[in-house]
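Trainee: Generate a structure from the sequence data that follows.
(one chain, ligands or ions: 1)
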Amino acid sequence: MTADLVIDNGIVVTPDAAFSASIAIQGGTIVAVGAPAAMPAARETLDASGLHILPGAIDVHVHFRDPGYPHKEDWESGTAAAAFGGVTTVFDMPNTIPPTGTGTILAEKHAIAASKAHVDFGLYGLLGEDTIDNVPELIAGGVIGFKLYMGNTFGKIPSPSTGAMLEAFEVVAETGKRISLHAETNSIMERRQTRLTQAGRHEPLAHLDSRPAVVAVEAVSRACILSEWTGARIHILHISSADELRPLREAKARGVDVTGETCPQYLFLSTEDYARFGGVIRVNPPVREKDNQEPIFAALKDGTIDTIATDHAPHTPEEKTRNDIWAVDCGFPGVETQMPAMLTQVNEGRMSISDYVRWSAFNPARAWGLYPRKGAIAPGADADLALVDLTREWTIDDAKIQSRSKISPWHGRKVKGLPVHTIVRGRFVMRDRTLVPGTKGWGRSVHTLQRMPAPVVRNADKTMRAVTRDVRPSPGKESAA
Ligand SMILES: [Zn+2]
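Mentor: Sure, this is the predicted structure:
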(Lines give C-alpha, C1' and ligand atoms only; values in the text may rest on other atoms or scores of the structure.)
Protein backbone atom coordinates (compact mmCIF):
# COMPACT_ATOMS: atom_id res chain seq x y z
CA MET A 1 0.00 0.00 0.00
CA THR A 2 1.19 3.51 -0.77
CA ALA A 3 -0.34 6.19 1.41
CA ASP A 4 -1.31 9.60 0.01
CA LEU A 5 0.36 11.41 2.89
CA VAL A 6 2.48 10.55 5.91
CA ILE A 7 2.97 13.16 8.60
CA ASP A 8 6.17 12.64 10.59
CA ASN A 9 7.67 14.12 13.73
CA GLY A 10 4.54 15.73 15.14
CA ILE A 11 2.97 15.33 18.56
CA VAL A 12 -0.41 13.62 18.26
CA VAL A 13 -3.00 14.79 20.76
CA THR A 14 -5.96 12.70 21.92
CA PRO A 15 -8.40 13.31 24.80
CA ASP A 16 -6.13 11.16 26.99
CA ALA A 17 -2.57 11.78 25.88
CA ALA A 18 -0.08 13.64 23.72
CA PHE A 19 2.66 11.53 22.15
CA SER A 20 5.15 11.51 19.28
CA ALA A 21 3.82 9.54 16.35
CA SER A 22 3.51 9.48 12.61
CA ILE A 23 0.16 9.47 10.83
CA ALA A 24 -0.55 7.84 7.47
CA ILE A 25 -3.52 8.96 5.38
CA GLN A 26 -5.05 7.33 2.36
CA GLY A 27 -8.24 8.16 0.50
CA GLY A 28 -9.13 10.78 3.09
CA THR A 29 -8.93 8.33 5.97
CA ILE A 30 -6.30 7.78 8.66
CA VAL A 31 -4.83 4.33 8.01
CA ALA A 32 -2.03 4.22 10.58
CA VAL A 33 -0.83 6.03 13.69
CA GLY A 34 2.44 4.92 15.21
CA ALA A 35 6.19 4.69 14.94
CA PRO A 36 7.76 6.21 11.81
CA ALA A 37 9.14 2.80 10.86
CA ALA A 38 5.64 1.34 10.85
CA MET A 39 4.33 3.79 8.26
CA PRO A 40 3.68 2.69 4.69
CA ALA A 41 5.42 4.31 1.75
CA ALA A 42 3.80 7.62 0.81
CA ARG A 43 3.37 9.85 -2.19
CA GLU A 44 3.96 12.87 0.04
CA THR A 45 5.50 13.33 3.47
CA LEU A 46 5.12 16.30 5.74
CA ASP A 47 7.66 17.09 8.42
CA ALA A 48 5.60 18.30 11.37
CA SER A 49 8.55 18.95 13.68
CA GLY A 50 7.54 21.38 16.39
CA LEU A 51 3.84 21.00 15.69
CA HIS A 52 1.01 19.42 17.67
CA ILE A 53 -1.52 17.46 15.62
CA LEU A 54 -5.07 17.80 16.90
CA PRO A 55 -8.32 16.39 15.62
CA GLY A 56 -9.82 19.32 13.72
CA ALA A 57 -12.23 21.27 15.89
CA ILE A 58 -15.95 20.58 15.46
CA ASP A 59 -17.73 23.90 16.00
CA VAL A 60 -21.37 22.98 16.54
CA HIS A 61 -22.55 26.60 16.66
CA VAL A 62 -21.88 28.95 13.74
CA HIS A 63 -23.98 31.39 11.74
CA PHE A 64 -22.65 31.62 8.19
CA ARG A 65 -25.61 33.82 7.12
CA ASP A 66 -26.08 32.04 3.81
CA PRO A 67 -28.62 32.30 2.27
CA GLY A 68 -29.78 35.73 3.27
CA TYR A 69 -27.06 38.06 4.47
CA PRO A 70 -24.14 37.99 1.99
CA HIS A 71 -22.81 41.31 3.30
CA LYS A 72 -22.20 39.67 6.70
CA GLU A 73 -20.84 36.24 5.64
CA ASP A 74 -21.40 33.36 3.27
CA TRP A 75 -20.39 29.71 3.12
CA GLU A 76 -17.16 30.54 1.31
CA SER A 77 -15.89 33.21 3.69
CA GLY A 78 -17.23 31.47 6.78
CA THR A 79 -15.60 28.13 6.02
CA ALA A 80 -12.35 29.88 5.01
CA ALA A 81 -12.38 31.39 8.50
CA ALA A 82 -12.99 27.90 9.92
CA ALA A 83 -10.05 26.50 7.95
CA PHE A 84 -7.76 29.23 9.33
CA GLY A 85 -9.00 28.43 12.81
CA GLY A 86 -8.24 24.70 12.70
CA VAL A 87 -11.96 23.92 12.47
CA THR A 88 -12.76 21.03 10.12
CA THR A 89 -16.51 20.63 10.73
CA VAL A 90 -19.12 23.31 11.46
CA PHE A 91 -22.82 23.03 12.29
CA ASP A 92 -24.75 25.99 10.88
CA MET A 93 -27.77 27.52 12.57
CA PRO A 94 -31.16 27.82 10.83
CA ASN A 95 -31.76 31.58 11.25
CA THR A 96 -30.90 32.31 7.63
CA ILE A 97 -33.38 33.70 5.08
CA PRO A 98 -35.64 31.85 4.71
CA PRO A 99 -35.20 29.97 8.01
CA THR A 100 -34.25 26.30 7.59
CA GLY A 101 -37.69 24.99 8.51
CA THR A 102 -38.84 22.89 5.53
CA GLY A 103 -37.35 20.10 3.45
CA THR A 104 -37.22 22.30 0.38
CA ILE A 105 -35.36 25.12 2.10
CA LEU A 106 -33.00 22.61 3.69
CA ALA A 107 -32.22 21.11 0.27
CA GLU A 108 -31.44 24.57 -1.10
CA LYS A 109 -29.13 25.33 1.81
CA HIS A 110 -27.36 21.97 1.41
CA ALA A 111 -26.72 22.80 -2.24
CA ILE A 112 -25.35 26.25 -1.41
CA ALA A 113 -23.08 24.92 1.33
CA ALA A 114 -21.80 22.01 -0.79
CA SER A 115 -20.89 24.39 -3.62
CA LYS A 116 -18.88 26.79 -1.43
CA ALA A 117 -17.62 25.09 1.74
CA HIS A 118 -13.91 24.51 2.38
CA VAL A 119 -14.67 22.32 5.43
CA ASP A 120 -17.29 19.74 6.34
CA PHE A 121 -20.61 20.86 7.76
CA GLY A 122 -23.94 19.90 9.28
CA LEU A 123 -27.16 21.90 9.06
CA TYR A 124 -29.65 22.44 11.86
CA GLY A 125 -33.37 22.32 11.16
CA LEU A 126 -35.57 24.91 12.82
CA LEU A 127 -37.86 23.59 15.54
CA GLY A 128 -40.44 26.33 15.95
CA GLU A 129 -44.07 26.76 16.89
CA ASP A 130 -45.13 26.06 13.31
CA THR A 131 -42.48 23.63 12.04
CA ILE A 132 -43.09 20.62 14.32
CA ASP A 133 -44.97 18.83 11.54
CA ASN A 134 -41.91 19.30 9.31
CA VAL A 135 -39.64 17.16 11.50
CA PRO A 136 -39.91 14.04 9.29
CA GLU A 137 -39.09 15.93 6.07
CA LEU A 138 -36.20 17.75 7.76
CA ILE A 139 -34.77 14.44 8.96
CA ALA A 140 -35.26 12.89 5.53
CA GLY A 141 -33.43 15.90 4.07
CA GLY A 142 -30.43 15.34 6.36
CA VAL A 143 -30.39 17.69 9.34
CA ILE A 144 -27.62 17.08 11.88
CA GLY A 145 -30.00 18.10 14.66
CA PHE A 146 -32.57 20.72 15.56
CA LYS A 147 -32.40 24.25 16.93
CA LEU A 148 -35.08 25.68 19.17
CA TYR A 149 -35.05 29.36 20.13
CA MET A 150 -36.50 29.71 23.64
CA GLY A 151 -35.46 33.35 23.41
CA ASN A 152 -35.48 35.83 20.61
CA THR A 153 -32.19 36.74 18.99
CA PHE A 154 -30.87 37.80 15.59
CA GLY A 155 -33.33 36.87 12.84
CA LYS A 156 -36.32 37.43 15.13
CA ILE A 157 -37.50 33.83 15.06
CA PRO A 158 -40.47 33.66 17.45
CA SER A 159 -39.86 31.53 20.53
CA PRO A 160 -42.30 28.62 20.84
CA SER A 161 -44.64 28.38 23.80
CA THR A 162 -43.88 25.75 26.43
CA GLY A 163 -46.76 23.73 24.98
CA ALA A 164 -45.23 23.73 21.52
CA MET A 165 -41.83 22.97 23.01
CA LEU A 166 -43.15 19.87 24.80
CA GLU A 167 -44.81 18.68 21.61
CA ALA A 168 -41.63 19.32 19.65
CA PHE A 169 -39.58 17.36 22.20
CA GLU A 170 -42.07 14.47 22.00
CA VAL A 171 -41.72 14.30 18.23
CA VAL A 172 -37.93 14.61 18.15
CA ALA A 173 -37.47 12.14 21.04
CA GLU A 174 -38.72 9.38 18.74
CA THR A 175 -35.99 10.19 16.23
CA GLY A 176 -33.01 10.17 18.62
CA LYS A 177 -31.74 13.49 17.24
CA ARG A 178 -30.37 16.16 19.57
CA ILE A 179 -32.13 19.52 20.01
CA SER A 180 -29.83 22.51 20.55
CA LEU A 181 -31.41 25.21 22.64
CA HIS A 182 -31.00 28.92 22.83
CA ALA A 183 -31.92 28.74 26.51
CA GLU A 184 -33.09 32.24 27.46
CA THR A 185 -36.70 32.83 28.45
CA ASN A 186 -38.21 35.30 26.04
CA SER A 187 -41.04 36.77 28.11
CA ILE A 188 -38.66 37.88 30.88
CA MET A 189 -36.34 39.61 28.43
CA GLU A 190 -39.12 41.28 26.48
CA ARG A 191 -40.72 42.83 29.56
CA ARG A 192 -37.39 44.06 30.85
CA GLN A 193 -36.34 45.51 27.52
CA THR A 194 -39.63 47.41 27.29
CA ARG A 195 -39.22 48.79 30.83
CA LEU A 196 -35.58 49.68 30.24
CA THR A 197 -36.41 51.48 27.00
CA GLN A 198 -39.22 53.40 28.73
CA ALA A 199 -36.73 54.36 31.45
CA GLY A 200 -34.43 55.85 28.82
CA ARG A 201 -31.77 53.14 28.96
CA HIS A 202 -30.05 52.86 25.56
CA GLU A 203 -26.40 52.28 26.53
CA PRO A 204 -24.56 48.95 26.21
CA LEU A 205 -25.10 47.75 29.79
CA ALA A 206 -28.87 48.06 29.35
CA HIS A 207 -28.60 44.94 27.20
CA LEU A 208 -27.12 42.99 30.12
CA ASP A 209 -29.76 44.36 32.47
CA SER A 210 -32.50 43.05 30.19
CA ARG A 211 -31.07 39.53 30.43
CA PRO A 212 -30.06 38.73 34.02
CA ALA A 213 -28.84 35.16 34.51
CA VAL A 214 -32.29 34.06 35.69
CA VAL A 215 -33.44 34.09 32.05
CA ALA A 216 -30.97 31.28 31.44
CA VAL A 217 -31.55 29.51 34.77
CA GLU A 218 -35.28 29.34 34.10
CA ALA A 219 -34.86 28.24 30.50
CA VAL A 220 -32.22 25.57 31.23
CA SER A 221 -34.35 24.18 34.06
CA ARG A 222 -37.50 24.06 31.93
CA ALA A 223 -35.68 22.49 29.00
CA CYS A 224 -34.21 19.79 31.24
CA ILE A 225 -37.63 19.02 32.72
CA LEU A 226 -39.15 18.57 29.26
CA SER A 227 -36.15 16.52 28.13
CA GLU A 228 -36.48 14.27 31.16
CA TRP A 229 -40.21 13.80 30.58
CA THR A 230 -39.94 13.01 26.87
CA GLY A 231 -36.49 11.46 26.52
CA ALA A 232 -35.50 14.04 23.91
CA ARG A 233 -31.76 14.63 23.76
CA ILE A 234 -30.82 18.27 24.24
CA HIS A 235 -27.81 20.57 24.08
CA ILE A 236 -27.63 23.83 26.00
CA LEU A 237 -25.90 26.37 23.76
CA HIS A 238 -23.63 29.20 24.92
CA ILE A 239 -23.65 28.84 28.72
CA SER A 240 -22.89 32.32 30.02
CA SER A 241 -23.47 32.24 33.78
CA ALA A 242 -22.43 30.31 36.86
CA ASP A 243 -26.07 30.16 37.97
CA GLU A 244 -27.28 27.97 35.10
CA LEU A 245 -24.67 25.32 35.93
CA ARG A 246 -26.73 24.07 38.88
CA PRO A 247 -29.82 23.00 36.89
CA LEU A 248 -27.51 21.51 34.27
CA ARG A 249 -25.56 19.51 36.88
CA GLU A 250 -28.74 18.35 38.56
CA ALA A 251 -30.25 17.22 35.27
CA LYS A 252 -27.11 15.29 34.36
CA ALA A 253 -27.16 13.64 37.79
CA ARG A 254 -30.75 12.52 37.13
CA GLY A 255 -29.64 10.91 33.88
CA VAL A 256 -31.06 13.49 31.48
CA ASP A 257 -29.29 13.27 28.10
CA VAL A 258 -28.19 16.90 28.08
CA THR A 259 -24.89 18.34 26.91
CA GLY A 260 -23.60 21.85 27.53
CA GLU A 261 -21.53 24.32 25.56
CA THR A 262 -19.71 27.52 26.32
CA CYS A 263 -17.86 29.97 24.09
CA PRO A 264 -14.68 32.03 24.45
CA GLN A 265 -16.68 35.24 25.06
CA TYR A 266 -18.00 33.84 28.36
CA LEU A 267 -14.54 32.70 29.48
CA PHE A 268 -12.54 35.76 28.48
CA LEU A 269 -14.85 38.82 28.35
CA SER A 270 -16.74 40.46 31.20
CA THR A 271 -18.68 43.59 32.16
CA GLU A 272 -15.32 45.34 32.44
CA ASP A 273 -15.13 45.22 28.63
CA TYR A 274 -18.39 47.06 27.87
CA ALA A 275 -16.77 50.48 28.32
CA ARG A 276 -14.08 49.68 25.76
CA PHE A 277 -16.13 47.75 23.20
CA GLY A 278 -19.65 49.14 23.57
CA GLY A 279 -22.07 47.47 21.19
CA VAL A 280 -19.31 45.39 19.63
CA ILE A 281 -19.71 42.88 22.47
CA ARG A 282 -23.50 42.88 22.33
CA VAL A 283 -24.30 39.18 22.10
CA ASN A 284 -27.00 36.80 23.29
CA PRO A 285 -26.69 35.69 26.01
CA PRO A 286 -24.78 38.76 27.17
CA VAL A 287 -21.21 38.96 28.36
CA ARG A 288 -21.61 38.93 32.17
CA GLU A 289 -19.82 39.77 35.42
CA LYS A 290 -16.26 38.50 35.73
CA ASP A 291 -17.07 36.18 38.62
CA ASN A 292 -18.88 33.86 36.17
CA GLN A 293 -15.68 33.01 34.34
CA GLU A 294 -13.99 30.71 36.85
CA PRO A 295 -17.09 28.57 37.53
CA ILE A 296 -17.67 28.13 33.79
CA PHE A 297 -14.05 27.11 33.30
CA ALA A 298 -14.32 24.70 36.23
CA ALA A 299 -17.51 23.25 34.72
CA LEU A 300 -15.63 22.43 31.54
CA LYS A 301 -12.97 20.67 33.56
CA ASP A 302 -15.42 18.64 35.64
CA GLY A 303 -17.51 17.68 32.59
CA THR A 304 -20.66 19.66 33.40
CA ILE A 305 -20.00 21.62 30.21
CA ASP A 306 -19.04 19.28 27.39
CA THR A 307 -18.04 21.46 24.48
CA ILE A 308 -16.38 24.65 23.30
CA ALA A 309 -18.09 26.29 20.34
CA THR A 310 -18.09 29.87 19.11
CA ASP A 311 -21.55 31.17 18.18
CA HIS A 312 -19.69 32.76 15.26
CA ALA A 313 -22.16 35.54 14.40
CA PRO A 314 -20.75 38.03 11.90
CA HIS A 315 -22.06 41.56 11.24
CA THR A 316 -20.64 44.69 9.62
CA PRO A 317 -18.94 47.50 11.54
CA GLU A 318 -21.93 49.76 10.83
CA GLU A 319 -24.31 47.18 12.32
CA LYS A 320 -22.15 46.82 15.43
CA THR A 321 -21.49 50.48 16.25
CA ARG A 322 -24.93 52.12 16.29
CA ASN A 323 -25.50 54.51 19.20
CA ASP A 324 -28.69 52.87 20.49
CA ILE A 325 -27.73 49.47 21.98
CA TRP A 326 -31.16 48.06 21.05
CA ALA A 327 -30.38 48.77 17.38
CA VAL A 328 -27.01 46.98 17.44
CA ASP A 329 -27.01 43.51 15.83
CA CYS A 330 -26.13 40.73 18.30
CA GLY A 331 -23.02 38.59 17.99
CA PHE A 332 -19.54 38.73 16.49
CA PRO A 333 -17.15 36.38 14.66
CA GLY A 334 -15.18 33.69 16.50
CA VAL A 335 -14.73 30.51 14.46
CA GLU A 336 -11.24 31.58 13.42
CA THR A 337 -9.96 32.71 16.83
CA GLN A 338 -11.40 30.14 19.24
CA MET A 339 -8.53 27.69 18.93
CA PRO A 340 -5.77 30.27 19.44
CA ALA A 341 -7.66 31.77 22.40
CA MET A 342 -8.00 28.35 24.02
CA LEU A 343 -4.44 27.24 23.22
CA THR A 344 -3.28 30.36 25.02
CA GLN A 345 -4.91 28.91 28.12
CA VAL A 346 -3.06 25.64 27.52
CA ASN A 347 0.16 27.63 27.41
CA GLU A 348 -0.76 29.36 30.65
CA GLY A 349 -1.26 26.00 32.34
CA ARG A 350 -4.99 26.35 33.03
CA MET A 351 -5.78 23.13 31.14
CA SER A 352 -4.03 20.44 29.18
CA ILE A 353 -4.04 20.21 25.41
CA SER A 354 -5.90 16.90 25.80
CA ASP A 355 -8.62 18.78 27.71
CA TYR A 356 -8.92 21.10 24.74
CA VAL A 357 -9.25 18.22 22.28
CA ARG A 358 -11.94 16.66 24.49
CA TRP A 359 -14.02 19.86 24.45
CA SER A 360 -13.41 20.96 20.87
CA ALA A 361 -13.56 17.67 18.95
CA PHE A 362 -14.09 14.44 20.92
CA ASN A 363 -17.18 15.48 22.91
CA PRO A 364 -19.00 17.21 20.02
CA ALA A 365 -18.35 14.17 17.80
CA ARG A 366 -19.80 11.87 20.45
CA ALA A 367 -22.83 14.04 21.25
CA TRP A 368 -23.88 14.16 17.60
CA GLY A 369 -23.11 10.53 16.74
CA LEU A 370 -20.08 11.24 14.55
CA TYR A 371 -17.46 9.53 16.70
CA PRO A 372 -15.13 7.79 15.86
CA ARG A 373 -15.42 8.81 12.21
CA LYS A 374 -14.90 12.44 13.30
CA GLY A 375 -13.16 13.83 16.37
CA ALA A 376 -10.50 11.14 16.56
CA ILE A 377 -6.95 10.51 15.41
CA ALA A 378 -7.06 6.77 14.90
CA PRO A 379 -7.16 4.30 12.01
CA GLY A 380 -10.56 4.47 10.31
CA ALA A 381 -11.24 8.09 11.23
CA ASP A 382 -11.56 10.82 8.65
CA ALA A 383 -8.23 12.63 8.32
CA ASP A 384 -9.50 15.93 9.76
CA LEU A 385 -6.48 17.53 11.39
CA ALA A 386 -5.31 20.84 12.78
CA LEU A 387 -1.53 21.15 12.93
CA VAL A 388 -0.73 23.87 15.43
CA ASP A 389 2.37 25.70 16.58
CA LEU A 390 1.81 26.03 20.32
CA THR A 391 4.76 28.39 20.75
CA ARG A 392 3.71 30.99 18.21
CA GLU A 393 2.83 34.34 19.81
CA TRP A 394 0.74 36.72 17.72
CA THR A 395 -1.90 39.42 17.95
CA ILE A 396 -5.40 39.01 16.54
CA ASP A 397 -6.11 41.63 13.88
CA ASP A 398 -9.68 42.04 12.64
CA ALA A 399 -8.41 43.34 9.30
CA LYS A 400 -6.59 40.07 8.62
CA ILE A 401 -9.27 37.54 9.48
CA GLN A 402 -11.00 35.56 6.75
CA SER A 403 -14.52 36.32 7.98
CA ARG A 404 -16.34 39.03 6.08
CA SER A 405 -17.06 40.60 9.47
CA LYS A 406 -14.10 42.82 10.26
CA ILE A 407 -15.15 43.81 13.76
CA SER A 408 -14.79 41.80 16.95
CA PRO A 409 -13.82 42.13 20.58
CA TRP A 410 -10.89 39.81 19.85
CA HIS A 411 -9.08 42.57 17.94
CA GLY A 412 -5.73 43.37 19.55
CA ARG A 413 -5.75 40.30 21.82
CA LYS A 414 -2.36 38.67 22.29
CA VAL A 415 -2.53 34.91 21.90
CA LYS A 416 -0.06 32.02 21.91
CA GLY A 417 -0.82 29.13 19.58
CA LEU A 418 -1.54 29.14 15.87
CA PRO A 419 -3.04 26.62 13.44
CA VAL A 420 -0.45 26.29 10.68
CA HIS A 421 -2.13 23.68 8.47
CA THR A 422 -5.69 22.37 8.37
CA ILE A 423 -6.52 19.08 6.66
CA VAL A 424 -10.08 17.97 5.82
CA ARG A 425 -10.52 14.32 4.78
CA GLY A 426 -6.88 14.09 3.83
CA ARG A 427 -6.73 17.28 1.80
CA PHE A 428 -4.98 20.47 2.88
CA VAL A 429 -7.53 23.29 2.86
CA MET A 430 -5.25 25.72 4.69
CA ARG A 431 -1.50 25.28 4.34
CA ASP A 432 1.19 27.56 5.78
CA ARG A 433 -1.53 30.11 6.67
CA THR A 434 -2.74 30.21 3.07
CA LEU A 435 -6.07 29.03 1.75
CA VAL A 436 -5.41 26.18 -0.68
CA PRO A 437 -6.79 26.99 -4.16
CA GLY A 438 -9.43 24.61 -5.45
CA THR A 439 -10.79 23.62 -2.04
CA LYS A 440 -13.96 25.67 -2.35
CA GLY A 441 -16.74 23.09 -2.54
CA TRP A 442 -14.60 20.35 -0.91
CA GLY A 443 -16.76 20.42 2.23
CA ARG A 444 -19.47 17.76 2.58
CA SER A 445 -22.46 17.38 4.83
CA VAL A 446 -21.66 15.01 7.69
CA HIS A 447 -25.27 13.95 8.30
CA THR A 448 -24.66 10.77 6.29
CA LEU A 449 -22.07 9.73 8.90
CA GLN A 450 -24.31 10.33 11.90
CA ARG A 451 -25.12 7.30 14.07
CA MET A 452 -27.10 8.43 17.09
CA PRO A 453 -27.79 5.85 19.79
CA ALA A 454 -31.28 4.29 19.69
CA PRO A 455 -34.00 6.73 20.77
CA VAL A 456 -35.11 6.66 24.39
CA VAL A 457 -38.76 7.70 24.52
CA ARG A 458 -40.44 8.34 27.86
CA ASN A 459 -44.13 8.77 28.55
CA ALA A 460 -44.87 7.56 25.03
CA ASP A 461 -48.50 6.89 25.96
CA LYS A 462 -49.02 10.53 26.95
CA THR A 463 -47.67 12.35 23.92
CA MET A 464 -49.84 14.70 21.91
CA ARG A 465 -49.74 12.20 19.07
CA ALA A 466 -50.73 9.25 21.26
CA VAL A 467 -53.67 10.94 22.91
CA THR A 468 -55.09 12.45 19.74
CA ARG A 469 -54.56 9.47 17.44
CA ASP A 470 -56.49 6.88 19.45
CA VAL A 471 -59.86 7.89 20.79
CA ARG A 472 -59.93 5.54 23.75
CA PRO A 473 -63.08 4.10 25.20
CA SER A 474 -64.00 5.86 28.42
CA PRO A 475 -64.12 3.63 31.53
CA GLY A 476 -67.24 1.54 31.75
CA LYS A 477 -68.24 2.30 28.19
CA GLU A 478 -67.95 -1.32 27.04
CA SER A 479 -70.12 -2.79 29.76
CA ALA A 480 -72.75 -0.10 29.22
CA ALA A 481 -73.00 -0.94 25.54
ZN1 LIG B 1 -26.07 31.45 17.92
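Trainee: ok, residues contacting stretch 247-260?
Mentor: The contact list for stretch 247-260 (Cβ atoms under 8 Å, 6 or more residues apart in numbering) reads 178, 217, 220-221, 223-224, 227-228, 231, 233-236, 239, 299, 304-307, 363, 367, 456. Quick note: C-beta positions are derived from backbone N, CA and C, even for glycine.
Trainee: ok, of those, which come out buried?
Mentor: With burial judged by 16 or more other Cβ atoms under 10 Å, the buried subset of these is 178, 217, 220-221, 223-224, 227-228, 231, 233-236, 239, 299, 304-307, 363, 367.
Trainee: Filter those down to the ones in strands?
Mentor: Among the buried ones among the contacts of stretch 247-260, DSSP state E puts 178, 233-236, 307 in strands.
Trainee: and which of these is nearest residue 278?
Mentor: Nearest to residue 278 among those: residue 236, at 28.0 Å, using Cβ to Cβ.
Trainee: Thought residue 221 was touching that closest one, still the case?
Mentor: No - if you go by Cβ atoms under 8 Å, residue 236 and residue 221 don't touch, sitting 10.6 Å apart.
Trainee: Which residue ranges of the stretch 51-200 of the chain form strands?
Mentor: With DSSP state E, counting those that start in this stretch as the criterion, the stretch 51-200 of the chain has strands at 52-55, 57-62, 87-92, 120-126, 145-149, 178-182.
Trainee: and the longest one, what other elements does it pack with?
Mentor: Of the remaining helices and strands, those touching strand 120-126 by 3 or more Cβ pairs under 8 Å, 6 or more residues apart in numbering; DSSP states H and E are strand 87-92, helix 103-116, helix 135-140, strand 145-149.
Trainee: what do you get if the cut-off is 10 Å, keeping everything else the same?
Mentor: The contact analysis (3 or more Cβ pairs under 10 Å, 6 or more residues apart in numbering; DSSP states H and E) places strand 120-126 against strand 57-62, helix 75-84, strand 87-92, helix 103-116, helix 135-140, strand 145-149, strand 178-182.
Trainee: Let me know the angle separating that strand from helix 103-116.
Mentor: Angle, strand 120-126 to helix 103-116, by axes from the mean of the first three to the mean of the last three Cα atoms, to 10 degrees: 160 degrees.
Trainee: that older thread, quick one: the strands of the stretch 51-200 of the chain as a markdown table, columns for distance to residue 344 and mean pLDDT too.
Mentor: Formatted as a markdown table, the strands of the stretch 51-200 of the chain follow (distance: least, Cβ to Cβ, whole Å; pLDDT from 0 to 100):
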| stretch | distance to residue 344 | mean pLDDT |
| --- | --- | --- |
| strand 52-55 | 14 | 98 |
| strand 57-62 | 15 | 98 |
| strand 87-92 | 17 | 99 |
| strand 120-126 | 26 | 98 |
| strand 145-149 | 30 | 98 |
| strand 178-182 | 27 | 98 |
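Trainee: for the ones you listed, which one sits closest to residue 348?
Mentor: Evaluated with Cβ to Cβ, the strands of the stretch 51-200 of the chain place strand 52-55 nearest to residue 348, the distance being 15.9 Å.
Trainee: And the contacts of stretch 37-49?
Mentor: Applying Cβ atoms under 10 Å, 6 or more residues apart in numbering, the contact partners of stretch 37-49 are 1-12, 21-26, 31-33, 36, 53, 385, 387, 389, 420-421, 423, 428, 431.
Trainee: go again using 6 Å as the cut-off
Mentor: For stretch 37-49, the surrounding residues in contact (Cβ atoms under 6 Å, 6 or more residues apart in numbering) are 1-10, 22, 24, 32, 387.
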